[in-house]
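1. got a sequence here, can you build the structure:
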Amino acid sequence: WKDKQQNIKVQESENVMSRKGSTYAEHLFGFESSARDAESDKSVLMGSTAKRASSSVAKESNASGGQHSNTGPSSISLPIALGIAGISLTTGFMAGKYEPKSEHHHSSRVLPSGHPRGCCSCDEPPASDAQSKLSKAQEDLPKKLARIAGNENVISGLFEDSSNTTYLKGARLGRGKALAIVTPTSLRAAVRALELAVKADCVVVPQGQNTGLTGGSVPREDEEEARPYVVINMRKLDTMFPIDNGEKVVCLAGAGISSLASNLNEWGYHDRESHSTLGSTFLNPTTAAGVAFGSGGTQLRKGSAYTDRCLFARVYENKWGKRIVEVVNTLGIEGIEDSDFYENTGSTIEQLDIYANDVRQGYERPMASSSKSKHGTAMASDHTYPHRVCEVGEDKKGREVSRYNADTRGEQCNRSEGKVLILATVHDTFVKPEEKKSYWISFKDFDTTLKFRKEVCLDNPKDLPISCEYMDRDSFDIIDRSGRILGNLIKVIGMGSLMGTLWDVKLKIEALPFDGSELICDKLLHTFNSFTPALLPSKVMKLGKDMDHHIAMTVGEFGEGEKDRFLNRMEKFAKDNEGGIVIHECKSSAEENSLTAFRFVAAPAFRTWCVGENAQGFSVDYALPKNGGQAPLVGEGQPTPLKRMRYSHLGCNVVHEDIAYELGVDTHAAKYALKKEVEKTCGGKLPAEHGHGTEYHAPKDTQQRWMKMDPLNVMNPGIGGLSSKFKYGKK
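-> Alright, predicted model coming up:
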């Protein structure tokens, strides 16, 4: 590891860390710059020479990966789109000059955030209480964090302003303050920050892009919790690189799923694609957050985000009462297994930091390989999902749901919801289809839609469609009435980082300190919506108005006749159900992009519609049994909604509902009446995709799993209905 460019700055860790299976003083090294001699690299990460890997800070022109490319034809002119973007950015710059008032102004209505695939209603931010009395160790903590992470990577969160609001305020609900917000630039610094926070008797909230929707990714005000919060935001640890000849990737905790899609192409793996596509892809949520929440998405053949190959840190107390930060390594990478290091001779974190630093600077390195150990052969995606999702019979398996957030399977990193600090993960990549076709399919009734799902889409695990997204009539109408501007922007500039930047600008405008600021963007979007072109082709628009149930579906050929078998089943179904189904095949990539954009703007369009029509509403997501699918009742004694959007990942039976009511309706009661119907009457489970956070109570076995991960309740206290107190209030 001779450094040819600069001297290596070495700093010895002050704390004793415990690794899995043994406890020892681990020496962690921080590197400002490193250009390694590949010939001297004989002991770590050996294999065939890697194609040049890169950080997920991809070039803007490559930022929109996969099928959401910047090259697709658009419905509106580029100057118009850029004009809208310019106005928004200018307003956002002005927004950054303001500091929020101590008292936040909110309308009396209840609105969802409009965040893609949002769930449940907004909560009011808590009142800003006086700063709690800090201990000497806590007062000194920010300075200590700055010494190990750098002054530029530590800011205060005790008073909210434009510099820290994106770390302190949730995308939909949740708001609090933090003693310190740390954005480490190395794995070593992340672990040291956790150690220092634990030593100072603080609690820690791990954070990625903060796109979480249920309040679990931000600090919170809690009467029973006196310990100050420290936010460890991992977004700067965004390096990723391929292993196993591109069949897998290693992602540090801040690596984004949109960046991953772009980088696979940049690395030259044009026949591979990433493990996840979400409605919020343009916000570039992190791969680590996907694992922590079990995020789902549109990819029916791949299932939700899952891996048993991870590097993470957890906190426990040893038999002498000392709090220990333990680094658990299940990455399964040759050369950096725990068994590859003797005591005090190096560590996985040290070597992974070195490798990632070289990748970040563009140096070629030998490509890593999976080891032959149990970790190296463990699952890096849920291989069993295609079989499980097709179990739609009337037996016990058919009455189960396909996926949900309280699932307790797998390594502790999976669906951990912040109870451990994820540092890096290994994910499978997937073979791209040799050919694919996209369709818009309309049905006369929902029974025919569910029959199509069972007989055509889920006939067998081999022939599953790539995606199968359902929308009802209210969804179609609201997206067309209030989602055209955002959808057309997606078609023009793609799903890359520029789209995410514009979304951040919208959030900043909504946070401005004047009455009505939280509504102004949506009022403008609603007002000018009709002046922009329709998102869908004219034939599809006619189908949307003539029929009430629709599917946007993509089918792929993977070399074994999957596409032809699927289309044969679909053709037979259409003949057997003549008059009840109309199929439109997309003839160009422009039409395919239109369908994708239309579906992805469903949740933002609902918020815009509510604001524009002077209504209120809430959103919720849930999973229904695999052999079911009928819509639950809104709840006994509840008023009739103005609109009830139901759109779903149809194959998985994971449903998103956005329900609008007149002003004055008790939406809180309506929301919980619906939840009761989902669980008690329909046999469903919620939440299905967005995590429990502070919104949902988790089942007992899920709570016990989290308590085992974090016995001191230092990590993300209060989620899933758990106590916020130290050791969960136990003596």
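2. residue ranges with poor pLDDT in the stretch 51-200 of the chain?
-> Within the stretch 51-200 of the chain, the stretches with pLDDT under 70 are 51-108, 113-132.
3. would you mark the buried spots in stretch 383-393?
-> By 16 or more other CB atoms under 10 Å, the buried positions in stretch 383-393 come out as 385-386, 388-392. Bear in mind the C-beta positions are built from the backbone N, C-alpha and C, glycine included.
4. centre of the chain to that stretch, how far?
-> For stretch 383-393, the separation from the chain centroid amounts to 23 Å (computed by CA atoms, centre = their mean, to the nearest Å).
5. pull the CA atoms of stretch 480-496 into CSV?
-> C-alpha atoms of stretch 480-496 as CSV (Å, rounded to 0.1, in the frame of the first residue of the first chain):
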residue,chain,number,x,y,z
ASP,A,480,-53.9,14.1,-15.8
ARG,A,481,-55.4,17.1,-14.0
SER,A,482,-52.5,17.9,-11.7
GLY,A,483,-49.4,15.9,-12.7
ARG,A,484,-48.6,17.0,-16.2
ILE,A,485,-45.9,19.6,-15.4
LEU,A,486,-43.9,17.2,-13.2
GLY,A,487,-44.4,14.3,-15.6
ASN,A,488,-43.3,16.4,-18.7
LEU,A,489,-40.2,17.5,-16.8
ILE,A,490,-39.3,13.9,-16.1
LYS,A,491,-39.7,13.1,-19.8
VAL,A,492,-37.5,16.0,-20.8
ILE,A,493,-34.6,15.9,-18.2
GLY,A,494,-34.9,12.3,-17.1
MET,A,495,-34.8,10.8,-13.6
GLY,A,496,-31.3,12.0,-12.7
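6. any idea how far that stretch is from the chain center?
-> Centre to centre, stretch against its chain (CA atoms, centre = their mean), the figure for stretch 480-496 is 20 Å.
7. quick check: buried residues in it?
-> For stretch 480-496, by 16+ other CB under 10 Å, it's 480-496.
8. endpoints of stretch 252-271, how far apart?
-> 23 Å (CA to CA, to the nearest Å).
9. what ranges do the strands span in the stretch 451-600 of the chain?
-> 467-472, 549-557, 581-585 (DSSP state E, counting those that start in this stretch).
10. in TSV: those, plus distance to residue 613.
-> Below are the strands of the stretch 451-600 of the chain laid out as TSV (distance: least, CB to CB, whole Å):
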stretch	distance to residue 613
strand 467-472	18
strand 549-557	22
strand 581-585	29
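11. for those, which one sits closest to residue 664?
-> Evaluated with CB to CB, those place strand 467-472 nearest to residue 664, the distance being 25.5 Å.
12. starting at the chain centroid, how far to the closest one?
-> On CA atoms, centre = their mean, the centre of strand 467-472 falls 20 Å from that of its chain.
13. would you mind getting the angle between it and strand 549-557?
-> 170 degrees (axes from the mean of the first three to the mean of the last three CA atoms, to 10 degrees).
14. against which helices or strands is strand 467-472 packed?
-> Strand 467-472 sits against strand 549-557, strand 643-649, with contacts defined as 3 or more CB pairs under 8 Å, 6 or more residues apart in numbering; DSSP states H and E.
15. and the contacts of that strand?
-> 277, 298-300, 446, 449, 453, 457, 479, 548-554, 599, 602, 644-651 (CB atoms under 8 Å, 6 or more residues apart in numbering).
16. low-confidence stretches in the stretch 601-731 of the chain?
-> Checking the stretch 601-731 of the chain against pLDDT under 70 turns up 731.
17. which parts of it are helices?
-> Shown for the stretch 601-731 of the chain, the helices assigned by DSSP state H, counting those that start in this stretch span residues 602-612, 667-676, 700-709.
18. mind putting these into TSV with distance to residue 230 and mean neighbour count?
-> Listed next are the helices of the stretch 601-731 of the chain as TSV, based on distance: least, CB to CB, whole Å; neighbours: other CB atoms under 10 Å:
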stretch	distance to residue 230	mean neighbour count
helix 602-612	31	27
helix 667-676	32	18
helix 700-709	18	16
